[in-house]
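Enquirer: Fold the stuff below for me.
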Amino acid sequence: RGTMTTTRPFRCEDMFKFNNINLDALTETYNVSFYYHYLATFPDYFKAEEHPNGRLMGYIMGKAEGEGELWHGHVTAVTVAPEFRRRRLATKLMRSLETTSERVYNAYFVDLFVRVSNDLAIGMYTRLGYSVYRRVLGYYSGEEDAFDMRKAMPRDVHKKSIVPLPHPITPDDLEW
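Expert: Numbering: from 1, shown residues only. Down below sits the predicted model:
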């Protein structure tokens, strides 16, 4: 528990080492080309958390998107292997993505989608300063709603990006 971990850029070969992370019911998994697309297009946003013995402990992937005051960083996935949870690694990865959003992309906010039933994740995001911006009906395969949670970055001085919407939307209504 006292050993230091390393946050580093995700590498192609990491795709052969992340089954301990992805084979978990709470983790959304994607096809190989999806991961490669993010790695090629948004390398600044794709980070791995590595144990001193070289084992992957978690990762985060995201992107920058939007236009005008809707220019933002987006958390596509953040996950930590079950055996490495409760060590603040997800917090460390989220802070890395927020720093990239602020310093590299000058984003107005960072957003993410989370299952409305995932109380642990919602609690973590709330502690990190995120708030529910809106509910997206049937976001997860039409079966479960998502919260679109946002955190304003320093560029959004008046915090306009996080004023909650009064009504839910459908996935077809999403801007990006």
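Enquirer: my read: residue 125 touches residue 149, true?
Expert: Yes: using Cβ atoms under 8 Å, residue 125 is in contact with residue 149, at 5.2 Å. (C-beta placed from N, C-alpha, C; glycine too.)
Enquirer: Now for those two: what residues contact both?
Expert: 112, 114 (Cβ atoms under 8 Å, 6 or more residues apart in numbering).
Enquirer: for this structure, what spans make up the helices?
Expert: In the chain, helices defined by DSSP state H lie at 19-22, 32-41, 89-99, 119-127, listed in chain order.
Enquirer: Identify the residues contacting the third one?
Expert: Outside helix 89-99, the residues that touch it by Cβ under 8 Å, 6+ apart are 5, 7, 45, 47, 49, 57-60, 62, 73, 75, 78-80, 110, 124-125, 128, 151, 153.
Enquirer: Work out the gap between that helix and the centre of the chain.
Expert: Taking Cα atoms, centre = their mean, to the nearest Å, the mean C-alpha location of helix 89-99 is offset from the chain mean by 9 Å.
Enquirer: Pull the CA coordinates from it and hand them back as CSV.
Expert: C-alpha atoms of helix 89-99 as CSV (Å, rounded to 0.1, in the frame of the first residue of the first chain):
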residue,chain,number,x,y,z
LEU,A,89,-6.0,6.3,-8.1
ALA,A,90,-9.2,7.3,-9.9
THR,A,91,-8.9,10.7,-8.3
LYS,A,92,-5.3,11.0,-9.5
LEU,A,93,-6.4,10.1,-13.0
MET,A,94,-9.3,12.5,-13.0
ARG,A,95,-7.0,15.3,-11.8
SER,A,96,-4.7,14.5,-14.7
LEU,A,97,-7.5,14.8,-17.2
GLU,A,98,-8.7,18.1,-15.6
THR,A,99,-5.2,19.5,-15.9
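Enquirer: How about the residue nearest the centre of the chain, nearest residue that isn't a chain neighbour?
Expert: What sits nearest the mean C-alpha location of the chain, by Cα atoms, centre = their mean, is residue 75, with 2.7 Å. Spatial nearest neighbour of residue 75, chain neighbours left out: residue 112 (3.8 Å); criterion: Cβ to Cβ, 6 or more residues apart in numbering.
Enquirer: remind me which residues of the chain are low pLDDT?
Expert: Scanning the chain for pLDDT under 70 picks out the ranges 1-3, 24-26.
Enquirer: Now do the strands in it.
Expert: For the chain, the strands defined by DSSP state E cover 6-9, 47-50, 56-65, 72-80, 109-115, 131-140, 144-152.
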